[in-house]
Structure formats: structure tokens, C-alpha cells
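>>> just coords:
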Ligand SMILES: Nc1ncnc2c1ncn2[C@@H]1O[C@H](COP(=O)(O)OP(=O)(O)O)[C@@H](O)[C@H]1O
Ligand SMILES: O=P(O)(O)O[C@H]1O[C@H](CO)[C@@H](O[C@H]2O[C@H](CO)[C@@H](O)[C@H](O)[C@H]2O)[C@H](O)[C@H]1O
């Protein structure tokens, strides 16, 4: 047996070192164990797997975080593959259950069968999901993530939400809406797991189809940019390579997804008060970002003006608000051949949950992707990575010709995306200048704060975009 105090003290050391831990840079001083939901037992009835729900308290006295930790408990750590270990002493080990295929097998079968347990409430899988009788093969994905996803049998993905909040996670809510709409734009949702959190329930995990052999939009875009700048690029440069057609079909896929979400989740007219609320939210987000990223200060006045213009817009002809993806970028879109699939509907990690669950203009997602083309174009130069020719490249020596090629590449792919989007939506996002440019600024401001916190070496990418965007704000009446 392990004393709770020993476990929580081990977790206080272990948690901040985990890649998914969201509160990087905030010293964790104490961990409190809220629940232990057992999900696996040995043949002799001893608990071998639990989902621990812990609350982390920070030195800065700021808000505590609630985290989910599926843990294996046994006399020793499994040898191969050896999972990350929380604590180990003779006769007792506690380790990460998601890296132990035996325990992942138990968890997935619990979800698929729909059989709950103390504190666990699974939504079962459809009858056509037939799991083999032998132990399931699994391994955690190693991509940079805020949650932990485990690949099972090379066919299924178990996504375990690390940060917990009461209620249904927006990722699951939106996936359910799209499943109900018969969408082909998302991987098939196969099941979900709720668990007890205090007096209520929270989404702990989702099980979905794994999109095998997919190319992530972000990687394809980077490859295309490297091709543009590399030694094989045509004299004079070219901006319309293979990725142009992909950008257009991505616009089609996003517009279809929006249409499905509007049908399944309903729409709300964009009223004057909705515009005023949007402008207020954007302004509040800017003020919070400014506190984190003081380099935004020179742009404060034009940014505030751009948002005030949103409040002054005519409502006639505006797109209705609806459920959206909320944090759409090229890392969230997967391509197999000509078909795109969209993942991760959790929304922006630091946006309050009620705002993430609210209806927004679909232009919020459009802006997310338009920003992402700009990110891909400027990534290598800004972070000093190597361009296609393999020579080291110094971000400070960005020459004018490259700068103009990259701006053309961005504009070309943004246009292709909007053309594809308009073909399905019947309206072109580029016609909604004031609202679109406010959403673009809102995203670039969010990204500046995000990068300041998480990847300071990248911050010049969104900051340069803020400077360009404020220089080109469309005119319109300003509501103070
Ligand atoms: N169903 C899926 N099939 C294949 N790859 C996926 C799937 N879902 C996610 N991924 C890959 O894993 C990455 C992280 O997934 P995501 O849901 O965005 O996790 P997180 O919320 O932790 O950021 C994605 O960018 C994508 O490359
Ligand atoms: O994928 P998440 O839901 O965790 O989103 C967060 O992290 C993203 C980075 O991984 C961040 O996206 C920014 O960088 C991307 C390249 O890594 C780029 O494609 C995006 O356009 C850019 O916004 C995202 O903003 C953040 O919420």
C-alpha cells in the first residue's frame, strides 16, 4: 500500500516534467488527490489500474488546475515497453498507464463495452467495432500535444484529456454533432468515457478512428515553402505548387464542416448585441495578451480601433453565428489523397469553457487557417531552421526577395482556401473585411501571447503579422 501523501508528493515532482503539463513556468507546490477511479484489476482482484484525478496548486497563488492521470499500480514497473514512472520502491511501483499496453487494453475494452465502474461512465462503441480477443497492441503518439493520444491496433486513437473541467468536453460535443450530421470531415467517433469530478461528471477520453497514412497540413505546407525557397525553385520563384490544390480542397472541407455543424447545432442571427459582445471579448483578450506580451504595446490603439469597428458593423448580410472548431490551424487538418479530415475541437486551450462552447462567426475558423498559411510561410526564416537547400539560415538576414516570395505564397494559398470555401458556402469570406480582419488580428494577438509563453523563439511570426494587419485595417464606423 502507498500512503496518499507519498503519492501526491511524488506527483508534485513528476507532473511539471510531463510534456502535456499545461502550466509550464508556474512552480507547482502541492498536489491534492481528488478521486481514484479503478479501471483494471489483477486475476486475484487487486486494483492494477486507476484514473487518478488530482488538483495542482501553484506558488503564484493563481488558479489551481485539475488533471487526469491514468496510473498503473503493481509490485514492479513493466519491463518492455518501460512506461514513465511516477514513483518506485521495492515491491511497489506507480507508473503511466497509457504507456502500458495491458492497461490500455483494459481501458479501451471498458469504453467499447459501455460497462462502467465506480466513478466511470463509458459511452459504448457501435456494434460494428469488433476488437480482437488477444491483447490490443498500443503505443502513445509522440507528437507535441496538450493531451495524450494512444494509437491502438494502428486503427483507433484513444485521446485522454489531461486538463479536466466539469461537463462535456467541447471536443466530444462537436464530434457528436458532426457524427449526428453524418459528416465525412472528421474521423469516426467510436466511444467516450465520462468520469466523476466532484459532484458532477467530466469527459475523460474519446475513442475515434485513427486516420492512417495521413499527411498533416502543417507538414505539407512547410514542405511546399521549402520547395519554393530551395535550389530547385524556378528562376523568379513560383507560388502555385502542389499545395495550391490542397489549399482549395481544404476550403471546401472546412465549409462543409461548418454547414454540417450549423445544421446539427443550430445558428443564431448576428445581432447588434452579439457584435458588441464579440468586440468586447476581443478587446478583453487583447488586454490580457498585452500583459503577457508587452511587445504588443505599439499596436494597442489600432487593434482597439479594429475591434471597435466590429461593434459598429451593419448586421444585415452577416453570417449567422454557430458552433465552430475554435482553434483551427494547419496542424489540425489531415489529408489522405484529396480528402481532408479535421481533428481536435477543444478550442483554444486558455479560453474560458463557456466562451468555447458559444456560437461564433465561422470567420473565426477561417481566420485560424488563413493565419496558419502565414505561419507556415514565415516559420523557417523566423526560427532559423534550414530551408530546402540544407544551408543554415539566419532569421535576421531575411532578404527582400525571399520576403516578397513568402508574402506571395501566403496570399496565393489564402486565396485558394477562400475560393474553395466560397464554392460551398455561397459567400466569400474575403467580402467580410472588417469582421475577418478583426478575427485575424484576434488570432495573431492570441498567438503572440501563446508563443511568448510556450515557444519564445517563434514569437516574431505572429508579431510581424499583427504589424502587417494593423497597417491594413479596412475602414468603417467606430463605436467607442
Ligand atoms: N484521428 C486521428 N488520426 C490520425 N492522427 C490524428 C488523429 N487525431 C489527432 N491526430 C494527430 O495527433 C495530433 C494531436 O492531436 P490533437 O487532437 O490535436 O491533440 P491535442 O489536443 O493534444 O493537441 C494532431 O495534430 C494530428 O496530427
Ligand atoms: O494544437 P493545439 O490545440 O494545442 O493549439 C495550440 O498550439 C498550436 C501549436 O502547436 C498553436 O498553433 C500555432 O502554431 C501552429 C504551428 O505549430 C500553426 O499551424 C498555427 O497556425 C499557429 O496558431 C495554436 O495557436 C495553439 O492554440
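That came in fine, so what should we check first? Keep in mind that this is a model prediction, so the values were computed, not measured. Numbers count the residues shown, from 1 in each chain. Ligands and ions are numbered 1, 2, ... in the order given.
>>> show me what contacts residue 244?
Residues in contact with residue 244 (CB atoms under 8 Å, 6 or more residues apart in numbering) are 412, 413, 416. Where you see a C-beta, it was placed from the backbone N, CA and C, and this is true even at glycine.
>>> Could you check which residue of the stretch 201-350 of the chain lies nearest ligand 1?
Closest contact between the stretch 201-350 of the chain and ligand 1, by CB to the nearest ligand atom, is at residue 344 (3.2 Å).
>>> residues in contact with the residue nearest to that residue when sequence neighbours are not counted?
The shortest distance from residue 344 to any non-neighbouring residue, by CB to CB, 6 or more residues apart in numbering, is to residue 332 (4.9 Å). Shown in contact with residue 332 (CB under 8 Å, 6+ apart): 217, 325, 342, 343, 344.
>>> quick revisit: between the contacts of residue 244, which is closest to residue 48?
Checking the contacts of residue 244 against residue 48 with CB to CB, the nearest one is residue 413 at 50.2 Å.
>>> Let's see if you can find the most crowded of the contacts of residue 244.
residue 413 (31 neighbours; other CB atoms under 10 Å).
>>> Tell me which residues of the host helix or strand of it come out buried.
Assigned by DSSP states H and E, residue 413 belongs to helix 400-425. Residues 402, 405-406, 408-410, 412-422, 424-425 are the ones in helix 400-425 that count as buried (16 or more other CB atoms under 10 Å).
>>> Any residue of that helix touching ligand 2?
No: shown here: helix 400-425 not in contact with ligand 2 (CB under 6 Å from any ligand atom), separated by at least 11.7 Å.
>>> And stretch 449-469, by the same measure?
Yes: for stretch 449-469, a contact with ligand 2 is found by CB under 6 Å from any ligand atom, at residue 450.
>>> Could you pull out the buried residues of that stretch?
449-452, 458-463, 465-466, 469.
>>> Likewise for stretch 125-135?
Neighbour counts using 16+ other CB under 10 Å place 125, 129, 131 of stretch 125-135 among the buried residues.
>>> Could you report the neighbour count for residue 66?
Counted with other CB under 10 Å, residues neighbouring residue 66 total 18.
>>> The residue of the stretch 1-150 of the chain found nearest ligand 1 and residue 196: what is the separation?
Ligand 1 sits closest to residue 145 of the stretch 1-150 of the chain, with a gap of 3.1 Å, by CB to the nearest ligand atom. According to CB to CB, to the nearest Å, residue 145 and residue 196 sit 25 Å apart.
>>> and the two? which has more neighbours close in?
Neighbour comparison, residue 145 and residue 196: the larger count goes to residue 196, with 18 against 14 (by other CB under 10 Å).
>>> Now find how far off-centre stretch 274-284 is within its chain.
In terms of CA atoms, centre = their mean, to the nearest Å, the centre of stretch 274-284 is set 23 Å apart from its chain centre.
>>> Show the average pLDDT along stretch 184-198.
Mean per-residue pLDDT for stretch 184-198: 96.
>>> Go through that stretch and flag the buried ones.
185-197.
>>> Isn't residue 59 up against residue 29?
Yes: judged on CB atoms under 8 Å, residue 59 makes contact with residue 29 at a distance of 4.9 Å.
>>> list residues touching both of the two?
Counting by CB under 8 Å, 6+ apart, residue 59 and residue 29 have no shared contacts at all.
>>> Can you list the low-confidence ranges for this structure?
Flagging of the chain using pLDDT under 70 yields the residue ranges 1, 144, 231-241, 385-398, 475-480.
>>> What sits closest to residue 91 if chain neighbours are left out?
Closest residue to residue 91 apart from its sequence neighbours, by CB to CB, 6+ apart: residue 75 at 5.4 Å.
>>> contacting residues for that neighbour?
By CB under 8 Å, 6+ apart, the neighbours of residue 75 are 91, 92, 93.
>>> hmm, try it at 10 Å
42, 46, 90, 91, 92, 93 (CB atoms under 10 Å, 6 or more residues apart in numbering).
>>> separation between the fourth one and residue 378?
Same thing as residue 91. Taking CB to CB as the measure, residue 91 falls 55 Å from residue 378.
>>> more neighbours, the two?
Per other CB under 10 Å, whichever of residue 91 and residue 378 has more neighbours is residue 378, with 24 against 8.
>>> The nearest residue to the more buried one once chain neighbours are set aside and ligand 1, how far apart?
The shortest distance from residue 378 to any non-neighbouring residue, by CB to CB, 6+ apart, is to residue 461 (5.0 Å). Residue 461 is 18 Å from ligand 1, where distance means CB to the nearest ligand atom, to the nearest Å.
>>> longest strand anywhere in this structure?
Assignment by DSSP state E gives strand 28-41 as the longest strand of the chain.
>>> what's downstream of it, the next helix or strand?
Note on strand 28-41: by DSSP H and E, the next helix or strand toward the C-terminus is strand 47-58.
>>> ok so, going back, distance to residue 337 added to the buried residues of stretch 184-198, as TSV?
Converted to TSV, the buried residues of stretch 184-198 look like this (distance: CB to CB, whole Å):
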residue	distance to residue 337
185	15
186	17
187	15
188	17
189	22
190	23
191	27
192	29
193	32
194	35
195	38
196	43
197	41
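>>> tell me which of these is nearest to ligand 1?
Nearest to ligand 1 among the buried residues of stretch 184-198, with distances taken as CB to the nearest ligand atom, is residue 187, at 3.7 Å.
>>> And what about the closest one, helix, strand or coil?
Here residue 187 is recorded as coil under DSSP: H, G, I helix; E, B strand; the rest coil.
>>> was I right about it contacting residue 333?
No: using CB atoms under 10 Å, residue 187 makes no contact with residue 333, being 11.7 Å away.
>>> secondary structure element for the residue in the stretch 151-300 of the chain that ligand 2 sits nearest to?
Relative to ligand 2, the nearest point of the stretch 151-300 of the chain is residue 218 (4.9 Å; CB to the nearest ligand atom). Under the criterion of DSSP H and E, residue 218 resides in helix 217-229.
>>> what comes up buried for that helix?
Within helix 217-229, the residues that count as buried by 16+ other CB under 10 Å are 217, 218, 220, 221, 222, 223, 224, 225, 226, 227, 228, 229.
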